[in-house]
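Asker: My questions concern the predicted model and sequence given below.
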Amino acid sequence: MMAGSVALPLMLGGYVGGACLALVAPSSRAARYITALGAIVGSVAALAVAARVLVTAQPLVLTVPNVLAAAGGLVLSVDPLGAFFLAVVALGSLPAAIYGVSYTAAYEGRSSLQFFGLMFNVFLLGMSVVACAGNIFTFVLAWELMSLASYFLVMTEADVVETREAGLWYIAMTQFSLVTLLPMFLLLAPGAERTAFADLRVGAAHLTPQLRGIVFLLAVVGFGSKAGVVPLHVWLPRAHPAAPSHVSALMSGVMIKLGIYGVIRVAFDLMNGGPPWWGGLLLVVGSVSALLGVLYALMEHDLKRLLAYHSVENIGIIIIGLGAGAILHSYGLQTLATIGFAAALYHTLNHACFKGLLFLAAGNVVHRTHTRNMEEMGGLIKQMPQTALLFLIGSAAIAALPPLNGFASEWMVFQALLAGTSIPRPEVALGFPVAVGMLALASGLAAACFVKAFGISFLAMPRSAHAADAREAPASMRVAAWMLAGACILLGVGASVVVPALYRVLESVGGLVVDPQLAPAPGLWIEAPRALGHLSPVLIAALLASIVLVTVVTVHRVHRRPLRLSDTWGCGRIAQTPRMEYTASAFAEPLRRVFAELYRPTQDLTVSVHPDSPHFVQSITFTSEVRPWFEEVLYDPIVRAGRLIGVGVRRLQTGSVHLYLVYVVAALMAALASVWWWP
């Protein structure tokens, strides 16, 4: 393993070099390979940095004091918490870089791949530095680099109206996040020249409880808008589908997790936790996000929008773990609280893997079928067998099916919620069973949603010519997806090795106290204290492997016997047609009826009759659309007010120099008057 002191500059050099060289590449083909090379070098170096810090628990520091010295200079300080999130960034970046070599070939002649390569590496650089930042200036600079670069990546297909609208929503919400975070940092900083995170810990200790609460709320809103929590999620189902698929994988699997990092860093590291209402707020926000995210995903027929809504759901699950840990921590139940925080970290890592896998597999489908609409897919398991298997592994992982990684981390979240029975305040403890019920419902609906996504997209017969003519994706795209599929399997089966390492990461967080008994040597079992429960992913995997082996052997023996092949009975029809298949709309219709008050669908029934006789019906058309009532209630009034203000301001810009001079004189008089009346 390379030394960490070398790996940290190499990480920066890989991303910066990849960005600069891609921009001056002589051709689009050269730009694609240079972009990938720089990203691969930076990602491997980032993994080396993270591994060094996680193994030794010794921070790595790199300072460039001459860069804006008045703000503290550029400071990178990688502690175990930052190293964990840096590893998450690198684990998502490496396969995305490999995937993009072939995927971006479709943009040659349509978009500047030189500019794309610049923004892609800047995006990876920004995300990596956010996890390594050691002071306010470095963090804010990296946060803006990450946000602006991802905006330009979203706008890759700017000639599409939907993409331009998605870009506007995204840039508005990401700048809203920045506007919220700046006053948060200003409240934490004890002085203009003391902006290092170590200084912020000192400043936080002297804040009044009211100011600490304000800082926490600003952190939840600012970082939550980047994470995509409800109701700040409106940009996410727009921007993720509009971006290229490997960029979607990074935004959904990696970037939104840095919002989680921000909440942990500010609330539990810099401010050492807070009163119970902090955790209660996180628990409510997480539960609502998890449930509403999966409910809206169920209604989606756009494959990438469906995956985007599931990011809202899984961010909710992560925040549920943080909320449970925060409440338990506020009541002094440190051992139980650590389970909740470790569950949040574990699901953060797992979601980065299976959501990245799903977006890459969906990208294979979109790359070959040229559509995101599941109603135009079907039968792809025959044309794209590897992609189908990859999507199935990702679907099983996100549906929390054993022995994959999603099962282990959700089990830990449930254990953290069950630990709420130990809280001495009954009125507080009662909130935990409610959260358990909402999480259980969300988990069940997620399984149903991915039965729909996989079945409608890959099974039965092709519903369009594009689906019928599809073929397997290029090798580099499949290799990248298989890397994440392997991670989903290893993180699930090896949970008893991963979880103790997560407890050791939490030891570096200032406000947490980790019981040494929670971090035993790796073994076969994950155990929750006080007899809450225990789990052995290895034994579960062995049991399931035995069942699969017996099934395969049995089927193989049965196939030795003579079989009679015949068409499936089709209600008297001679041959099956795609119109006889179950559709995505039909699959979701029962749940649409159950949750009609939430969805508030608009329905329209049109009956066309023969012009000579109304008794002969030619066609019946039924359309139903789910109303985005969050936007109607919260965002539409803001958008309308903004437009009205814009119209008013536009009237001031007449183009008349004389009128502009009047404005200058009026502003000068107002300034003089303010000085006169306000000494």
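Answerer: The structure has been received and is ready for your questions. This structure is a prediction, so every number in the text was calculated from the model and none was measured. Numbering: from 1, shown residues only.
Asker: can we go C-alpha only for contacts and neighbour counts from here?
Answerer: Will do.
Asker: Nearest residue to the middle of the protein?
Answerer: In the chain, the residue lying closest to the centroid (CA atoms, centre = their mean) is residue 252, at 3.1 Å.
Asker: was I right about it contacting residue 308?
Answerer: Yes. Between residue 252 and residue 308 there is a contact under CA atoms under 8 Å: 6.9 Å.
Asker: ok, now which ones touch the residue nearest to the centre of the chain?
Answerer: When contacts are counted by CA atoms under 8 Å, 6 or more residues apart in numbering, residue 252 is found next to 240, 308, 311, 352, 355-356.
Asker: same thing but 6 Å
Answerer: If a contact means CA atoms under 6 Å, 6 or more residues apart in numbering, then residue 252 has no contacts.
Asker: ok, now residue 262?
Answerer: Counted by CA under 6 Å, 6+ apart, residue 262 has zero contacts.
Asker: Just the C-alpha atoms of the helix or strand in which it is found, please, in CSV.
Answerer: Element membership for residue 262, per DSSP states H and E: helix 257-263. Extracted in CSV, the C-alpha atoms of helix 257-263 (Å, rounded to 0.1, in the frame of the first residue of the first chain):
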residue,chain,number,x,y,z
LYS,A,257,-24.3,11.0,1.3
LEU,A,258,-22.1,14.1,1.9
GLY,A,259,-25.2,15.7,3.2
ILE,A,260,-25.3,12.9,5.8
TYR,A,261,-21.6,13.5,6.5
GLY,A,262,-22.3,17.2,7.1
VAL,A,263,-25.0,16.4,9.7
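Asker: residues near residue 383, how many?
Answerer: By other CA atoms under 10 Å, 18 other residues sit near residue 383.
Asker: again, but for residue 17
Answerer: 23.
Asker: That one and residue 226, how far apart?
Answerer: Computed as CA to CA, to the nearest Å, the residue 17 to residue 226 distance reads 27 Å.
Asker: how about low-confidence regions in the stretch 151-300 of the chain?
Answerer: 192 (pLDDT under 70).
Asker: Which parts of the chain belong to which domain?
Answerer: As assigned by automatic domain parsing, the chain contains the domains 279-325+334-553, 589-625, 634-677.
Asker: Adding distance to residue 35, write these out as TSV.
Answerer: TSV is the format used below for the domains of the chain (distance: least, CA to CA, whole Å):
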stretch	distance to residue 35
domain 279-325+334-553	15
domain 589-625	41
domain 634-677	37
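Asker: Can you say which of those is packed in most?
Answerer: domain 279-325+334-553 (a mean of 22; mean count of other CA atoms under 10 Å).
Asker: Quick one: end-to-end distance for that one.
Answerer: End-to-end for domain 279-325+334-553, by CA to CA: 51 Å.
Asker: Going by length in residues, pull out the top helix of the chain.
Answerer: Scanning the chain for the longest helix, with DSSP state H as the assignment, gives helix 334-369.
Asker: For residue 33, which non-adjacent residue is closest in space?
Answerer: residue 101 (6.1 Å; CA to CA, 6 or more residues apart in numbering).
Asker: From residue 108, how far out is the one you found?
Answerer: 12 Å.
Asker: Looking at these two, which is more packed in?
Answerer: Comparing residue 101 with residue 108 by neighbour count (other CA under 10 Å), the higher total belongs to residue 101, at 20 against 13.
Asker: Please give the element, helix or strand, for that one.
Answerer: Using DSSP H and E, the element containing residue 101 is helix 80-103.
Asker: Residue 62 now?
Answerer: strand 60-64.
Asker: from the chain's centre, how far out does that strand sit?
Answerer: Remark: strand 60-64 is offset 29 Å from the chain centroid, using CA atoms, centre = their mean, to the nearest Å.
Asker: Residues in contact with the following helix or strand past it: which ones?
Answerer: Helices and strands here follow DSSP H and E; after strand 60-64, the next one along the chain is strand 74-78. Identification of contacts with strand 74-78 by CA under 6 Å, 6+ apart yields 59-65, 67, 132-134, 138.
Asker: Tell me the one of those nearest residue 440?
Answerer: Of all those, residue 132 has the smallest distance to residue 440: 35.2 Å, by CA to CA.
Asker: per-residue confidence at the closest one?
Answerer: Note on residue 132: pLDDT of 94.
Asker: ok, now how distant is it from residue 655?
Answerer: Residue 132 is 48 Å from residue 655, by CA to CA.
Asker: and what of residue 554?
Answerer: From residue 554 to residue 655 the distance is 83 Å (CA to CA).
Asker: Also residue 157?
Answerer: 34 Å.
Asker: and if you look at residue 103?
Answerer: 47 Å.
Asker: Please apply the same query to residue 50.
Answerer: 56 Å.
Asker: go on, residue 341?
Answerer: Relative to residue 655, and taking CA to CA, residue 341 is found at 58 Å.
Asker: before we move on, what about residue 664?
Answerer: 14 Å.
Asker: ditto for residue 262
Answerer: 45 Å.
Asker: helix or strand for residue 378, which one?
Answerer: Using DSSP H and E, residue 378 falls outside every helix and strand.
Asker: Go ahead and name everything in contact with stretch 535-546.
Answerer: So stretch 535-546 is contacted by 403, 493, 524-526 (CA under 6 Å, 6+ apart).
Asker: and that stretch, how far out from the chain's middle?
Answerer: 29 Å.
Asker: Stretch 51-66 too?
Answerer: 26 Å.
Asker: Identify all contacting residues around that stretch.
Answerer: With CA under 6 Å, 6+ apart, stretch 51-66 has contacts from 73-80.
Asker: Just send those residues back as CSV, with neighbour count too.
Answerer: Compiled in CSV, these are given as follows (neighbours: other CA atoms under 10 Å):
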residue, neighbour count
73, 20
74, 21
75, 22
76, 22
77, 20
78, 27
79, 23
80, 27
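Asker: Please dump those into CSV; it should also carry pLDDT for every row.
Answerer: Below are those laid out as CSV (pLDDT from 0 to 100):
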residue, pLDDT
73, 81
74, 88
75, 90
76, 92
77, 92
78, 93
79, 92
80, 94
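Asker: Show me the strands in the chain, by range?
Answerer: 60-64, 74-78, 526-528, 533-535, 602-610, 613-625 (DSSP state E).
Asker: Let's have the ones you listed in TSV, adding distance to residue 332.
Answerer: Formatted as TSV, the strands of the chain follow (distance: least, CA to CA, whole Å):
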stretch	distance to residue 332
strand 60-64	31
strand 74-78	28
strand 526-528	17
strand 533-535	21
strand 602-610	50
strand 613-625	48
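Asker: So which of those is nearest residue 590?
Answerer: strand 613-625 (13.2 Å).
Asker: Give the rounded mean pLDDT of that closest one.
Answerer: 71.
Asker: picking that back up, what touches both of residue 101 and residue 108?
Answerer: With CA under 6 Å, 6+ apart, residue 101 and residue 108 have no common neighbours.
Asker: which stretches of the stretch 551-679 of the chain have low pLDDT?
Answerer: 559-561, 563, 567-575, 601-605, 621-624, 627, 654, 675-679.
Asker: Surely residue 119 touches residue 148?
Answerer: No. Using CA atoms under 6 Å as the test, residue 119 is too far from residue 148 to be in contact (8.7 Å).
Asker: which of the two has more neighbours?
Answerer: Between residue 119 and residue 148, residue 119 has the larger neighbour count (other CA under 10 Å), namely 26 against 20.
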